[in-house]
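Chemist: what follows is a predicted structure for the sequence shown.
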Amino acid sequence: MNDSGVIPRASRIMQAIATAGLEGARLTDLTEYTGLSRPTTHRILKDLAAEGLVSQDGESSRYRLGHELFLMALNAPSPDWDLPILLGIAQELADDVGDTVYISARELAGVRYLVRAEGSYPVRALMVEPGDVKPFTSSYSGLALLASTGAEAQSRALAAHLTDAPEGWWDEQHSDRQMRAQMEQVVRAGYCGGPGLVMPGVSGMAAPVLRNGALPLLAVSISAIDARLDDERIRELVPRLLHASRHIERLITPRVATYSAKEKK
């Protein structure tokens with residue numbers, strides 16, 4: 001990926017603004033998120049604003065996506081996930097590990113579960129159905145995807161989790177510390193996981209599906225009862241989880257047509 005070109009830089013800035021949501025992003029946030037210098041970020045923002053692709057609030061000076069993007073998006077196709085192929089990848093992993101595997105997609109405030117595959121272990125953690133939508137902090141997939149967003153978006157998601165969590169289960173300090181540690185692990189090691197992190201009695205692990213430096217749209221996860229996913233077994237399953245993530249990654253690159261055609265044979 002050529003990060004030195006104007007288009008990749010502008011795309012990265014707009015992705016950063018998008019992750020900030022309706023609240024908008026400060027110039028400082030955008031430089032931190034993109035790794036670009038302040039003058040470069042400001043210059044690109046001026047150009048994007050001139051085209052109506054971003055706007056700046058006069059009072060807060062925060063940047064938001066512009067109306068022109070909405071108009072263009074009306075003619076953009078919806079993500080065309082090849083669900084049978086995704087299900088095949090999930091089932092292969094489920095057969096290998098014996099537990100439940102999900103593939104989910106990023107939405108504005110959480111994740112939508114696309115497919116579920118069940119392993120052979122008789123006690124299963126069937127917490128969600130395909131089509132269900134969960135907040136970022138209510139699923140391992142959500143944490144894996146939330147890790148790539150800005151600090152403010154993460155803080156909003158964590159604050160919302162305190163409201164949604166079972167009464168008496170989380171205190172603010174524990175929730176913040178544990179979930180931030182998991183998101184840092186995603187950035188550092190490519191996955192998150194542990195017992196009882198998002199729901200009592202249920203353990204899980206998840207990895208985002210990377211897109212050459214762009215915002216991840218999909219995640220793959222393994223879910224099981226606590227007794228099935230202790231720290232030692234999580235470490236054992238990490239290579240298999242990441243292998244499935246890379247398999248999906250190849251499907252959503254520009255090589256998708258050639259690769260998926262081969263997969264279907």
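Modeler: Perfect, thanks for sending it.

Chemist: is residue 45 in a helix, a strand, or coil?
Modeler: Following DSSP: H, G, I helix; E, B strand; the rest coil, residue 45 is assigned to helix.

Chemist: verify the stated contact: it with residue 27.
Modeler: Yes - Residue 45 lies in contact with residue 27 (Cβ atoms under 8 Å); the separation is 7.4 Å. The C-beta positions use only the backbone N, C-alpha and C, and glycine is treated the same way.

Chemist: give the residues shared as contacts by the two.
Modeler: residue 63 (Cβ atoms under 8 Å, 6 or more residues apart in numbering).

Chemist: between those two, who's got more neighbours?
Modeler: Set side by side, residue 45 and residue 27 show more neighbours around residue 45, with 20 against 15, by other Cβ atoms under 10 Å.

Chemist: in this protein, which spans are helices?
Modeler: 6-20, 27-34, 38-50, 67-73, 83-97, 140-146, 151-164, 172-189, 231-251, 256-264 (DSSP state H).

Chemist: adding mean pLDDT, write those helices out as JSON lines.
Modeler: Compiled in JSON lines, those are given as follows (pLDDT from 0 to 100):
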{"stretch": "helix 6-20", "mean pLDDT": "85"}
{"stretch": "helix 27-34", "mean pLDDT": "88"}
{"stretch": "helix 38-50", "mean pLDDT": "94"}
{"stretch": "helix 67-73", "mean pLDDT": "82"}
{"stretch": "helix 83-97", "mean pLDDT": "94"}
{"stretch": "helix 140-146", "mean pLDDT": "93"}
{"stretch": "helix 151-164", "mean pLDDT": "73"}
{"stretch": "helix 172-189", "mean pLDDT": "82"}
{"stretch": "helix 231-251", "mean pLDDT": "93"}
{"stretch": "helix 256-264", "mean pLDDT": "35"}
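
Chemist: residue 104: which of these is closest?
Modeler: helix 140-146 (4.3 Å; Cβ to Cβ).

Chemist: mind exporting that closest one as PDB, just the C-alpha atoms?
Modeler: The C-alpha trace of helix 140-146 is given here as PDB (Å, rounded to 0.1, in the frame of the first residue of the first chain):
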ATOM      1  CA  TYR A 140     -15.200 -10.300  21.600                       C
ATOM      2  CA  SER A 141     -15.600  -9.500  17.900                       C
ATOM      3  CA  GLY A 142     -16.700  -6.000  18.900                       C
ATOM      4  CA  LEU A 143     -13.600  -5.500  21.000                       C
ATOM      5  CA  ALA A 144     -11.400  -6.700  18.200                       C
ATOM      6  CA  LEU A 145     -13.000  -4.100  15.800                       C
ATOM      7  CA  LEU A 146     -13.200  -1.300  18.400                       C
END
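
Chemist: neighbours around residue 190, how many?
Modeler: 17.

Chemist: scratch that, residue 65
Modeler: A count of nearby residues for residue 65, using other Cβ under 10 Å, gives 20.
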